[in-house]
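Novice: Sequence plus predicted model, see below.
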Amino acid sequence: MIKDFLHVGLGVKDLEKSVKFYTEVMGMEEEYRTHNEGEKISQIVGVKDVDMDVCVVRKNNVRIELLDYKNDDLKKHNNPLGQDEPGLTHLAFLVDDVDREFERIKALGFKFNAPPMVARENGPKITYFEGPDNVIIEIFEKVS
């Protein structure tokens, strides 16, 4: 029986850059760090001779596990997943004022697809931007 949702795991190219983004830009807090290597973890994750640093960041009950695999061959892939393809397409963050967050994050140099807007009647006000490692981030404001 499934008890609860635990976390989302994201592979990253630069752990410190990603931790800084999720804590300083997205307002999450660092929960813990660990290092994993050896035969057992290699079997579990299915990566030969795995060597990885991990940092878990959280906001309330949502956790993102940032996985920095030190294996050079794993860092070569740089293919962003399109929003219309199967698989994880984006992470969404609830905000009080999407326009204010848009201006703050844009001033930090992040590229948005479009300014915040309401796409459907009585819908939320949202916008998407690209964070580190080609991860698409949505900021979402409930509109009354």
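Specialist: Structure's in. What do you need?

Novice: so how far is Ala119 from Ile137?
Specialist: The gap separating Ile137 from Ala119 is 17 Å, by C-beta to C-beta, to the nearest Å. All C-beta spots, glycine's among them, are computed from the backbone N, C-alpha and C.

Novice: whoops, I mixed them up, Met28
Specialist: Counting by C-beta to C-beta, the gap between Met28 and Ala119 amounts to 26 Å.

Novice: before we move on, back to that, neighbour count for Ile137 and Ala119, which is higher?
Specialist: Set side by side, Ile137 and Ala119 show more neighbours around Ile137, with 21 against 9, by other C-beta atoms under 10 Å.

Novice: State the number of residues packed around the closest residue to the more buried one other than its chain neighbours.
Specialist: Leaving aside its chain neighbours, Ile137 sits nearest to Gly131 (4.7 Å; criterion: C-beta to C-beta, 6 or more residues apart in numbering). By the criterion of other C-beta under 10 Å, Gly131 has 18 neighbours.

Novice: try Asn61
Specialist: Considering only other C-beta under 10 Å, Asn61 is surrounded by 8 other residues.

Novice: Please name the spatially closest residue to Gly38 (chain neighbours excluded).
Specialist: Nearest to Gly38 is Val50, by C-beta to C-beta, 6+ apart, at 7.7 Å.
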